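>>> I'd like to go over a predicted model; first the sequence, then the structure.
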Amino acid sequence: MATQNTWLHIGLGSFHRAHQAWYLHRLIAQGDARWHIAAGNIRNDAEHVVAALTAQKGRYVLETVSPEGERVYEEITSIQKLLPWQADLQPLITEGAKPETKVIAFTVTEGGYYLNTTHQLEVNNADLACDLQGGNKTIYGVITRILEQRMANNAGPLTLLNCDNVRHNGERFHDGLVEFLTLTGKQAVIEWLKANATCPNTMVDRITPRPAADLPARIKEKTGTDDKAPVMGETFIQWVVEDNFRDVRPDLEAVGVEMVESVIPYEEAKIRILNASHSCIAWAGTLMGKQFIHESTLTDAIYAIADRYVTEDVIPSLGNNGIDLPTYRDVVLKRFTNPYIEDTNQRVAADGFSKIPAMITPTMLECYQRGAVPHATAMLPALFFVYMEQWHKGQLPYEYQDGILDADAVHAMFNAEDPIALFASDKALFGELATRDDFAALLREKIQAVYTLIR
């Protein structure tokens, strides 16, 4: 029997189960049983899924569906250990500290890294402040505990793998962790990290909506399986990983993962063309009374905003980066029209306060740097402003979710005499653009355009 290595995954959501777990399942299906996944959560908000998966011995059905409506069903077998949540996260920490755990990967959403526009930790965030006092409510607190335990156990080196939509995600996580360790006076852990761990950059892609209410019934009808924790996703899947693992790793190339020297061209294209357009479509669609992403994308006025944003501002910003960007744009927007995914605007609209500085502001900055006015891109924060104005008035058709939302500050902004001026001068959102009068004037113009659009 080959040695079983553990891939510990933190953040057992639908995306992990439709993406990384699928690739590791493909390896097992090909006869390579050297790796399995152990998985758990930092937060206590998905334990019903963990309980259902535990009862099913980690197995679940993944339904994928193409824009043409072709559905495929596959039982995923790579998650072989479920770690129940408890307040001290000891099951996660114990698993992470075992010598056989060689990779710790995580999907904790963009907001889960608590980074501001200058990529420093948001030390005033309540969860992060708790962890700086020794708690474990964030990825930094948990990984710190795991590394300390590994040091004590002499458990050997490992790879820390960020699988979220954060630009330069491995580097950003690494720098956030080192800042956290510095603030908590853990120099010995910093030295251990330097000698024993790597944090490769990655780019992950598969649209994974919250599972539809009728999914279990459909799976039962098609496969005969009574699944209490199924997931669904689009047919398209991509994973690009910087080949910089500290110790052994799975044979990811064998199942279609692109192992590369630099992820940057892929991640820039994805974050700006896919992620930013996705959010733009969700905000605009919500404001125009749509529930789903496909309805919103198929609305001509909304499609035009996303298409102009990519064509006029993003493609010139990215330049010739080795990727056929016009084709990538068209493929992405076609993926968004998939009616069978039924991805909600609510899911995609989340975390705007993290997404604007990470995904949208860089394009506006680069436009100004090359002497162009970012007319097309400025529509995105304008949409978000009007969207949050609806939230402020209690007029959104659903609850807005945002890991770093400061509700009091946003209400105060909209209650002020000139909310747009305050919004445009927000350094956390717009960095150096926050001091520019021409940028404030541009936003004002685009916000008026949004009001006209949704009337």
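The structure has been received and is ready for your questions.

>>> Lys81 touches His36, doesn't it?
Yes: counting by C-beta atoms under 8 Å, Lys81 does reach His36; the two are 7.0 Å apart. Yep, even glycine has a C-beta here, placed from its N, CA and C like the rest.

>>> those two: which is more packed in?
Comparing Lys81 with His36 by neighbour count (other C-beta atoms under 10 Å), the higher total belongs to His36, at 20 against 16.

>>> so who does the nearest residue to Tyr140 once chain neighbours are set aside touch?
Spatial nearest neighbour of Tyr140, excluding adjacent residues (C-beta to C-beta, 6 or more residues apart in numbering): Phe180 at 4.0 Å. The neighbourhood of Phe180, defined by C-beta atoms under 8 Å, 6 or more residues apart in numbering, consists of 121, 131-132, 140-141, 144.

>>> quickly list what's touching both of Lys81 and His36.
Common neighbours of Lys81 and His36 (criterion: C-beta under 8 Å, 6+ apart): Thr6.

>>> so what pLDDT did Thr452 get?
pLDDT recorded at Thr452 is 97.

>>> then the one 3 residues further on?
Here, the pLDDT recorded for Arg455 equals 86.

>>> check Leu115 too.
89.

>>> what of Ala2?
According to the prediction, Ala2 has pLDDT 58.

>>> coming back round to it: ok so the residue nearest to Tyr140 is a helix residue?
Yes: per DSSP: H, G, I helix; E, B strand; the rest coil, Phe180 lies within a helix segment.

>>> which of the contacts of Phe180 has the most neighbours?
Tyr140 (26 neighbours).

>>> burial measure for the spatially closest residue to Val166 that is not a sequence neighbour, as a count.
Spatial nearest neighbour of Val166, chain neighbours left out: Arg172 (5.2 Å); criterion: C-beta to C-beta, 6+ apart. Look at Arg172: counted by other C-beta under 10 Å, it has 19 neighbours.

>>> list the contacts for Arg172?
Here Arg172 is in contact with 113, 115, 119, 162, 166 (C-beta under 8 Å, 6+ apart).

>>> export the helix or strand harbouring it to CSV, keeping only CA atoms.
Using DSSP states H and E, Arg172 falls within helix 169-183. Provided in CSV are the C-alpha atoms of helix 169-183 (Å, rounded to 0.1, in the frame of the first residue of the first chain):
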residue,chain,number,x,y,z
ASN,A,169,-2.8,35.0,-3.7
GLY,A,170,0.1,33.0,-2.4
GLU,A,171,2.3,36.0,-1.9
ARG,A,172,-0.6,38.0,-0.3
PHE,A,173,-1.4,35.2,2.1
HIS,A,174,2.3,34.7,3.0
ASP,A,175,2.8,38.5,3.6
GLY,A,176,-0.4,38.7,5.7
LEU,A,177,0.7,35.7,7.8
VAL,A,178,4.2,37.1,8.3
GLU,A,179,2.7,40.4,9.4
PHE,A,180,0.4,38.6,11.8
LEU,A,181,3.3,36.6,13.2
THR,A,182,5.3,39.8,13.6
LEU,A,183,2.5,41.6,15.4
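
>>> now the helix or strand just after it: mean pLDDT?
The helix or strand immediately downstream of helix 169-183 is helix 187-196, counting by DSSP H and E. When pLDDT is averaged over helix 187-196, the result is 98.

>>> other SSEs contacting the helix or strand following helix 187-196?
Using DSSP H and E, the helix or strand that follows helix 187-196 towards the C-terminus is strand 197-198. The helices and strands touching strand 197-198, judged by 3 or more C-beta pairs under 8 Å, 6 or more residues apart in numbering; DSSP states H and E, are strand 158-162.

>>> ok, the strand it packs on: who's next to it in the sheet?
Paired neighbours of strand 158-162 in the sheet (DSSP bridges): strand 101-106 (parallel), strand 197-198 (parallel).

>>> how far out from the middle of the chain is stretch 295-306?
23 Å (C-alpha atoms, centre = their mean, to the nearest Å).

>>> let's have the chain start at 12 instead
OK, 12 is where the count begins now, so the last one is stretch 306-317.

>>> ends of it, how far apart?
14 Å (C-alpha to C-alpha, to the nearest Å).

>>> ditto for stretch 35-46
7 Å.

>>> before we move on, the earlier item: would you turn the strands paired with strand 169-173 into TSV with mean neighbour count?
Shown next, in TSV, are the strands paired with strand 169-173 (neighbours: other C-beta atoms under 10 Å):
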stretch	mean neighbour count
strand 112-117	22
strand 208-209	18
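
>>> check contacts around Arg70.
Residues in contact with Arg70 (C-beta under 8 Å, 6+ apart) are 64, 86-88, 90.

>>> ok so, going back, need the strands paired with strand 169-173 in JSON lines (columns: distance to Gly80).
Below are those laid out as JSON lines (distance: least, C-beta to C-beta, whole Å):
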{"stretch": "strand 112-117", "distance to Gly80": "32"}
{"stretch": "strand 208-209", "distance to Gly80": "42"}
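
>>> if we can go back for a sec, nearest to Lys345 among the contacts of Arg183?
Distance to Lys345, by C-beta to C-beta, is smallest for Val177 among those, at 25.5 Å.

>>> and that closest one, how many neighbours?
So Val177, with other C-beta under 10 Å, has 27 neighbours.

>>> how about His36: what's its closest non-neighbour residue?
Per C-beta to C-beta, 6+ apart, closest to His36 is Ser89, 4.1 Å.

>>> oh, that last question was meant for Pro168, not what I typed.
In space, Pro168 is closest to Asn207, 4.1 Å off (C-beta to C-beta, 6+ apart).

>>> tally up the residues packed near the one you found, please.
Asn207: 16 neighbours (other C-beta under 10 Å).

>>> so who does it touch?
Here Asn207 is in contact with 167-169, 257 (C-beta under 8 Å, 6+ apart).

>>> what separates it from Ala199, distance-wise?
12 Å (C-beta to C-beta, to the nearest Å).

>>> cool, and Trp294?
In terms of C-beta to C-beta, Trp294 sits 45 Å off from Ala199.

>>> between these two, point out the one with more neighbours.
A count of neighbours by other C-beta under 10 Å puts Trp294 above the other of Trp294 and Ala199, at 30 against 12.

>>> phi first, then psi, for Gly196.
The phi and psi values for Gly196, taken as degrees, to the nearest 10, are phi 70, psi 30.

>>> pretty sure Thr355 is touching Ile304, no?
Yes: with contact defined as C-beta under 8 Å, Thr355 reaches Ile304; the gap is 7.1 Å.

>>> higher neighbour count, the two?
Ile304 (27 against 20).

>>> run a quick neighbour tally on the residue nearest to the more buried one when sequence neighbours are not counted.
Closest residue in space to Ile304, ignoring its immediate chain neighbours: Asp354 at 4.3 Å, by C-beta to C-beta, 6+ apart. For Asp354, the neighbour count with other C-beta under 10 Å is 27.
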